[in-house]
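Chemist: got a sequence here, can you build the structure:
(4 chains)
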Number of protein chains: 2
Amino acid sequence: MVKMKDIAKVTGYSITTVSKAFNGYKDISDDAKKIILKTADDMGYIPKANARSLATKRSLMIGIIFDEALGFGIRHPFFGAVIEFFKEEVEKDGYDIIFISKNIGKSNVKTYLDHCRLRGVDGVFIACANFDNPEIQQLINSNIPSVTVESFDNKIHSVNSDDFHGLYMGVEYLARLGHTKIAHIAGDATALAGQERKRGYLAGLKNEGIEAVEDYLVGGNMFSFDSGYKAMKVLLGLDNPPTAITTSGDMMALGAIKCIRDAGYHIPRDFSILGYDNIDMLEYMALGITTIAQNVSQMGKKAANILVQNIKVPGMNKKEIILDTKLVIRESCRDLNQA
Amino acid sequence: MVKMKDIAKVTGYSITTVSKAFNGYKDISDDAKKIILKTADDMGYIPKANARSLATKRSLMIGIIFDEALGFGIRHPFFGAVIEFFKEEVEKDGYDIIFISKNIGKSNVKTYLDHCRLRGVDGVFIACANFDNPEIQQLINSNIPSVTVESFDNKIHSVNSDDFHGLYMGVEYLARLGHTKIAHIAGDATALAGQERKRGYLAGLKNEGIEAVEDYLVGGNMFSFDSGYKAMKVLLGLDNPPTAITTSGDMMALGAIKCIRDAGYHIPRDFSILGYDNIDMLEYMALGITTIAQNVSQMGKKAANILVQNIKVPGMNKKEIILDTKLVIRESCRDLNQA
DNA sequence: ATTATCACAGAAAACGCTTTCGTTAAAGAA
DNA sequence: TTCTTTAACGAAAGCGTTTTCTGTGATAAT
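Modeler: Okay, the predicted model is just below:
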């Protein structure tokens, strides 16, 4: 592999000057620069990131933390998408992403922070994690710049959706369609998103003058398909079941739909369903599912921008960005007015 | 950050001996080793991968190439899953994965190979790529070990599904249900998978004594939802439309289903649909879609194993692995016998 | 008692790059 | 002319490891 030394030899310049040609130093003549760059190109020179990192203490790598109970990994319908947009954005600045897991190989790397240090990442994107996890705390208390989405911790930058308003908007829509018996399948109560969406649901109800029914508020553990299925099952068992069901995530909505269908009912004839997230999958379903869309691409991009910025200017103030949500109307909610 | 030098100072041993303690050298006493390891642990020592790579010329990083026209990136329903399993497997050996794209930042990195060299990856997993692409050729002709799935090139290890038999089995199943008017929405004709599945379809037909109808063989560009939708549209326009439609991918099947539904028909009453791949998404659909499952986890794992092996013993013979496919029966195919 | 073997340890070079600082010659100021 | 500034360049140290090779004292073999 051709290295700077080789270019130096061919051009007659020193290694120092060669290096300067690449790194925008001013104390080098235009001539020298031109010759060196040309020669480097001809010789097919590619700098070695490792060596460079060693010298500069910058790796141009960003770690991704993906600490979710569901085990989807990269395939997670929501976070997978956020990461994709995040990745595309940081690549513009020359960063590569790397997945941070504990237990890497046989080494003595045992924690997220260890792995970050091993690879010398310049920053870390905590895409999905429980902030009660001591390992996560250890990480965000370290000197490694970090950003997260869909969660909040005052030690770290975050970008979130306006989840409160999202569900608020959702029940507003349902009420407009004539629904009064509106349920909510809540997401993880320990997650910010789960809490906010539930709050939005409750506030939406109040706003419409609808009294909250205790039985209509179910779920509350995970955001999963199964959890949605189970929650729907209890809703179905009620003496006076709801006509519309809001959810804290599309996967739960999908689970609920499956449950409804298994019970022999039809959507939206018998039950109206409102999803949350607007994951890609919905595009491909035969039955169009009405949902509250998060701005996934913005979420990924903003997170990327903030992190990169923080890497460049270390002492940056904590930023918290809130993204608008949007109601995406498809076919899963019935208009009771035109019965 | 604590480095070997610090451990050396504290323990009184030399840097050399400290290094030996970590790397399984034999010319070090048990005592020394124990003391060094203990001290390292106490001091929270984590080796720096960069420095190590520089010295060893191994990076413990594997590049992932994801060169697909669809633009899904990481979110690709099929390859995303393969990559996840691949990742989990290589992590056991201490490898991290990194996504290889051209045009990385402002650097003079312009090709996949450039990016690989920049990062010094030990191997590369060509998850999805067109082997006619000169950049891909450049890469597999380099000295970097590589492996691919769902494609074939005699220069590189590959793991594939028995796609031929998959579709063969599919039409066999459909014929058993009483179907004789069986169509096929073909995948990309330039892709091995697309070709093999089509071959399997044709062979299956012949095996059942069913004459192939030219009009029943449609599609042939991409594996996408849209492509499936469009292909189904022409099938629907036929004077004598098929009763069953096999596809070269679940996304196409989903597109076809949408098309059928938009046209006011019902599945499986009016048309039977057979998917291919068994992507995760199918689990969550209200209508269970019968499909030919590829063994995604095995595909990812085998690819990982082969690549890691090849990294360790460079001159390894080219391997080609063929995985079994499996018919997964759900609800989308109608049994014509019990009409 | 002498030599060969062995177990253990460390010095030093190497990996490929960046960056500080010093040097030189030419140009400008006095 | 002499002094100061400036532009261009290179020497060398440093980043944190690994690895080869040499050295030493103790033990075993002769």
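
Chemist: give the helix, strand or coil label for A:Ile273.
Modeler: strand (DSSP: H, G, I helix; E, B strand; the rest coil).

Chemist: what of the one 3 residues further on?
Modeler: In three-state terms, and counting by three-state DSSP, A:Tyr276 is strand.

Chemist: that one contacts A:Leu167, doesn't it?
Modeler: Yes: between A:Tyr276 and A:Leu167 there is a contact under Cβ atoms under 8 Å: 7.2 Å. Placement of C-beta: from N, CA and C, glycine included.

Chemist: shared neighbours, these two?
Modeler: Residues touching both A:Tyr276 and A:Leu167 by Cβ atoms under 8 Å, 6 or more residues apart in numbering or on different chains: A:Arg197, A:Thr246, A:Ser248, A:Ile292.

Chemist: and for A:Pro242, the neighbour number?
Modeler: Neighbourhood size, A:Pro242 [other Cβ atoms under 10 Å in any protein chain shown]: 22.

Chemist: you'd agree it is in a strand?
Modeler: No: looking at A:Pro242 with three-state DSSP, it is coil, so not inside a strand.

Chemist: so where's chain A shaky on pLDDT?
Modeler: A:103, A:105-106, A:339 (pLDDT under 70).

Chemist: tell me which residues touch the residue lying closest to A:Ser161 once chain neighbours are set aside, please.
Modeler: Of all residues not flanking A:Ser161 in the chain, A:Gln294 sits nearest, at 4.4 Å (Cβ to Cβ, 6 or more residues apart in numbering or on different chains). By Cβ under 8 Å, 6+ apart, the contact set of A:Gln294 is A:Phe78, A:Ser161, A:Gly166, A:Tyr276, A:Asp277, A:Asn278, A:Leu323, A:Thr325.

Chemist: I figured the second one hits A:Leu167, correct?
Modeler: Pointing back at A:Ser161 there. No: with contact defined as Cβ under 8 Å, A:Ser161 does not count as touching A:Leu167 (10.6 Å).

Chemist: just say helix, strand or coil for A:Ile98.
Modeler: strand.

Chemist: roughly how far does it sit from A:Asp6?
Modeler: 29 Å (Cβ to Cβ, to the nearest Å).

Chemist: over to A:Asp30?
Modeler: 22 Å.

Chemist: A:Ser29 too?
Modeler: For A:Ser29, the distance to A:Asp6 - Cβ to Cβ - is 21 Å.

Chemist: pick out whichever of these two has more residues nearby.
Modeler: A:Asp6 (16 against 10).

Chemist: that one: which element?
Modeler: helix A:4-11 (DSSP states H and E).

Chemist: that helix: which residues count as buried?
Modeler: Using 16 or more other Cβ atoms under 10 Å in any protein chain shown as the test for burial, helix A:4-11 gives A:Met4, A:Asp6, A:Ile7, A:Ala8, A:Val10, A:Thr11.

Chemist: which of the residues you listed sits closest to A:Ser151?
Modeler: Lowest distance from A:Ser151 to the buried residues of helix A:4-11 (Cβ to Cβ) belongs to A:Met4, with 43.8 Å.

Chemist: doesn't A:Val18 make contact with the closest one?
Modeler: Yes: taking Cβ under 8 Å as the definition, A:Met4 is a contact partner of A:Val18 at 4.8 Å.

Chemist: quick one: the closest residue to A:Asn133 other than its chain neighbours from DNA strand C, how far?
Modeler: Nearest non-adjacent residue to A:Asn133, counting by Cβ to Cβ, 6+ apart: A:Asp67, 6.7 Å away. According to Cβ to the nearest atom of the strand, to the nearest Å, A:Asp67 and DNA strand C sit 33 Å apart.
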